[in-house]
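Student: how would this look folded up:
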Amino acid sequence: MWSLGVSFFFYASFQRVAPSAMLEDLMRSFAATAVILGNLSAFFYWSYAFVQIPVGIVVDRWGPKRVLTTSALLCTIGALAFAVAATLPVAYASRMLLGIGTGLSLITTLRLAVNWFPAERYAMIAGLTVFIGSAGAIASQAPLAALIDVIGWRSAMIGSAIYAAFSGVLFCFAIQDAPESRSHGRDDRGGEPTSRFAGTGVTLLYGLKSVIKNPQSWFIIIYHSTLAMPLLAFAGLWGVVYLTQVYGISRTHAGAMTSLFLLTWGLSAPLGGWLSDRMGRRKPLLIGVAVLGLIVWCIILYVPNVPLSAYYVLLPLAGLGGAAMGITFALIREHNTPFAAGAGAGFLNTGPILCGGLAQPLSGWFLDLGWDGRMGDGVRIFSRDTYVDAFVIFPIAAIVALVFSVSLRETYCRQQIT
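Tutor: Now for the predicted structure:
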């Protein structure tokens, strides 16, 4: 059941990062500036973020099967609309629809994990979910770039719509929300009975309210959001074009290098969750990856003449931030009542998506501000110094993450509120 859900989170991550592999094609197709491209990608993030808290409440009430089937339908329509878009407003609207559709996937998949796995495995399963999502993001880098070179970006998006439609049919017939024991109010797996989650709208909103009122929830979401910013803004949009323009390599080569960031992020997520469970501690790993991220981005941005070969080490090191992702989902659960598991995860996942939605157009604005007027084949060319000025938000985000990781209260991998 979890594998069905996570297959669509793979697709969601693919769609989220896909514009980075087709950035120059989009510039030509829509005569777009860096700010416009940042906004085109950000529309996805804003709509994705908008549905995170509602989907947490809805999936707690109505179950994963209905939500995932709806998600697939919305994505089918959105991907087709984006593939045939001739104007920016249509492209904006289709990316927004894709954001809504894919935005239903992660929280629903985590609800399946809550329903089908014992509670002590949740951090690891959440990490595995992030890993498979990262595989989807990797598929939208070098593989998608190579495919676009052959069939074009519009045909590639039509193919993604077919995948979404097939997934919707599969969800409709194959997903079961919870084991039979839970559907009758029993729990043989160490988690919460379904009856505890199937409350009224009023009690579900009360669960969300309790999450929002908890200061620890805000510490976790700020840490989670700022740590993920480089993934969303660099690997998610500007990384490929940065490497092609600054180092003169091909789009496929740049996509493969950016994939190192995504691959390490994904691989480290389940390992971080597993290691945290084995240590019986949450904070040490959170602090460690924040410090590492700060060091890596300072080297990339402020060490003169960083050779291209160094990125084969620096980008995987930056990707080790993924080790914290499964841990933060476990923390939001441990610091709040189990009844609000879906709402808490939705609240947590809103942060990085909003952060990415702001960081992408903001960095695009900085790029346009520093642009010296150079063009190449209908595409704006930016200098390395301009990219450095635009990417200053990454070390700043790492500092903020470090401050809040220190401020968090340790749970010792135990539920603090019952």
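Student: Give me the contacts around stretch 120-132.
Tutor: The contact list for stretch 120-132, computed with C-beta atoms under 8 Å, 6 or more residues apart in numbering, reads 2, 6-7, 9-10, 106, 109-110, 113-114, 117, 190, 265-267, 269-274, 276-277, 322, 325-327, 329-330, 333, 413. Bear in mind the C-beta positions are built from the backbone N, C-alpha and C, glycine included.
Student: can you pull out the strands in the stretch 251-400 of the chain?
Tutor: The residue ranges that make up the strands of the stretch 251-400 of the chain, judged by DSSP state E, counting those that start in this stretch, are 375-376, 379-380.
Student: Can you tell me which of these is most buried?
Tutor: When the strands of the stretch 251-400 of the chain are scored by mean count of other C-beta atoms under 10 Å, the highest mean neighbour count falls to strand 379-380 (a mean of 19).
Student: That one: how far from the chain's middle?
Tutor: Once both centres are worked out by C-alpha atoms, centre = their mean, to the nearest Å, strand 379-380 turns out to sit 27 Å from its chain's centre.
Student: repeat for stretch 270-289
Tutor: On the basis of C-alpha atoms, centre = their mean, stretch 270-289 is displaced by 20 Å from the centre of the chain it belongs to.
Student: Relative to Ala228, which of the strands of the stretch 251-400 of the chain is closest?
Tutor: Between Ala228 and the strands of the stretch 251-400 of the chain, the shortest gap by C-beta to C-beta is with strand 379-380, which sits at 26.7 Å.
Student: average pLDDT across that closest one?
Tutor: When pLDDT is averaged over strand 379-380, the result is 84.
Student: Can you name every helix or strand that that strand contacts?
Tutor: Using 3 or more C-beta pairs under 8 Å, 6 or more residues apart in numbering; DSSP states H and E as the contact criterion, the neighbours of strand 379-380 among helices and strands are helix 23-30.
Student: Quick check: buried residues in the helix it packs on?
Tutor: 23-27, 29-30 (16 or more other C-beta atoms under 10 Å).
Student: Show me the contact partners of that helix.
Tutor: For helix 23-30, the external contacting residues (C-beta under 8 Å, 6+ apart) are 19, 32, 36-37, 40, 87-88, 91, 148, 152-153, 237-238, 240-241, 251, 377-380.
Student: Now the element after it, going C-ward?
Tutor: Using DSSP states H and E, the next helix or strand after helix 23-30 towards the C-terminus is helix 34-50.
Student: May I have that next one as CSV, with CA atoms only?
Tutor: In CSV, the C-alpha atoms belonging to helix 34-50 read as follows (Å, rounded to 0.1, in the frame of the first residue of the first chain):
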residue,chain,number,x,y,z
ALA,A,34,14.7,34.9,-14.9
VAL,A,35,12.0,36.4,-12.7
ILE,A,36,9.2,35.1,-15.0
LEU,A,37,10.8,31.6,-14.9
GLY,A,38,11.1,31.8,-11.2
ASN,A,39,7.4,32.7,-11.0
LEU,A,40,6.5,29.9,-13.4
SER,A,41,8.2,27.4,-11.1
ALA,A,42,6.9,29.1,-7.9
PHE,A,43,3.3,28.9,-9.0
PHE,A,44,3.7,25.1,-8.5
TYR,A,45,5.2,25.6,-5.1
TRP,A,46,2.6,28.1,-3.9
SER,A,47,-0.4,25.9,-4.8
TYR,A,48,1.5,22.8,-3.5
ALA,A,49,1.9,24.6,-0.2
PHE,A,50,-1.7,25.8,-0.1
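Student: Give the other helices and strands that it contacts.
Tutor: Based on contacts counted as 3+ C-beta pairs under 8 Å, 6+ apart, the elements that helix 34-50 packs against are helix 2-17, helix 23-30, helix 88-103, helix 341-370.
Student: 6 Å instead?
Tutor: Packed against helix 34-50 by the contact rule (3 or more C-beta pairs under 6 Å, 6 or more residues apart in numbering; DSSP states H and E) you find helix 88-103, helix 341-370.
Student: Dump these into CSV; add mean neighbour count as well.
Tutor: As requested, the helices and strands packed on helix 34-50 are exported to CSV (neighbours: other C-beta atoms under 10 Å):
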stretch, mean neighbour count
helix 88-103, 22
helix 341-370, 24
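Student: list the contacts for Ser71?
Tutor: The neighbours of Ser71, taking C-beta atoms under 6 Å, 6 or more residues apart in numbering as the test, are 101, 104-105.
Student: switch the cut-off to 7 Å
Tutor: Applying C-beta atoms under 7 Å, 6 or more residues apart in numbering, we find Ser71 in contact with 8, 101-102, 104-105.
Student: can you check Leu301 too?
Tutor: For Leu301, the contacting residues are 388, 391, 395, by C-beta under 7 Å, 6+ apart.
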